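[1] only geometry, no sequence info:
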């Protein structure tokens, strides 16, 4: 006889925690318990200073992968929780995954996916509220797929009017992408200052950005949970989606 599944973490509790600068983790994939984490130092990406490298912008511009928004949230979470070469366990327990799936259903958790043909090869997910996006995890099964997802995310956040992109703990990988560390108290001040509705949802920002690209741009497709069957996605622009995203980081000061 199987033990009953642990209860979901209430959505209101999760959102209050994030607004307070804390977040849940577990010791293993099957652990029914969670613990709350409040880092002394917080890693963030300053949105106004985010500058992907020249080589990364080139890969984005080439539309190497089809990039979508909120089309495979559960698959992205599962891929982020899967064993990795440098770490066999995961802090993303089944309880956490199920709780964040509810957040996603209610518009507070989002995923960016990178596809090679019909195969999911990279992506990231996180939690959003007000003008804050808290990145939770990313994965890559093909060259630079998670980095390309991050570039798209930053472009979407800037377009939507977000102010804070949290990435929790600093790592060497995040540092190479431009993340910086700030005291937790400073992070909480940034979150408090960003407590206003964003101009657009991430779904709307994705559709709007892709709409600026030409209908016949080679490469990235246009898929989004808020975009119905893609109507209105193709615009009258003269470039591909990846070129538009890459250009957005060269036309700002």
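    Perfect, thanks for sending it. The structure displayed is predicted, hence computed values, not measured ones.
[2] every contact and neighbour count from this point should use C-alpha atoms.
    Will do.
[3] which stretches of this protein have low pLDDT?
    Across the chain, the ranges flagged by pLDDT under 70 are 1-3, 85-88, 214-238, 251-253.
[4] packing partners for the top strand by length along it?
    Longest strand in the chain, counting residues (DSSP state E): strand 119-129. Counting contacts by 3 or more C-alpha pairs under 8 Å, 6 or more residues apart in numbering; DSSP states H and E, strand 119-129 packs against helix 73-81, strand 109-116, strand 132-140, helix 145-160.
[5] return the set of buried residues in the helix or strand just after the first one.
    Under the assignment DSSP states H and E, the closest C-terminal helix or strand after helix 73-81 is helix 94-105. By neighbour count, and taking 16 or more other C-alpha atoms under 10 Å as the criterion, the buried residues in helix 94-105 are 94-104.
[6] surely residue 43 and residue 186 touch.
    No: if you go by C-alpha atoms under 8 Å, residue 43 and residue 186 don't touch, sitting 11.0 Å apart.
[7] out of those two, which sits in the more crowded spot?
    residue 43 (22 against 12; other C-alpha atoms under 10 Å).
[8] gap between the more buried one and residue 161?
    For residue 43, the distance to residue 161 (C-alpha to C-alpha, to the nearest Å) stands at 20 Å.
[9] in TSV: the helices and strands packed on strand 119-129, plus mean neighbour count and distance to residue 192.
    Shown next, in TSV, are the helices and strands packed on strand 119-129 (neighbours: other C-alpha atoms under 10 Å; distance: least, C-alpha to C-alpha, whole Å):
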stretch	mean neighbour count	distance to residue 192
helix 73-81	21	27
strand 109-116	25	19
strand 132-140	22	10
helix 145-160	23	17
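[10] out of the ones you listed, which comes closest to residue 4?
    helix 73-81 (21.2 Å; C-alpha to C-alpha).
[11] which other helices and strands contact the closest one?
    Packing contacts for helix 73-81, counted by 3+ C-alpha pairs under 8 Å, 6+ apart, involve helix 94-105, strand 109-116, strand 119-129, strand 132-140.
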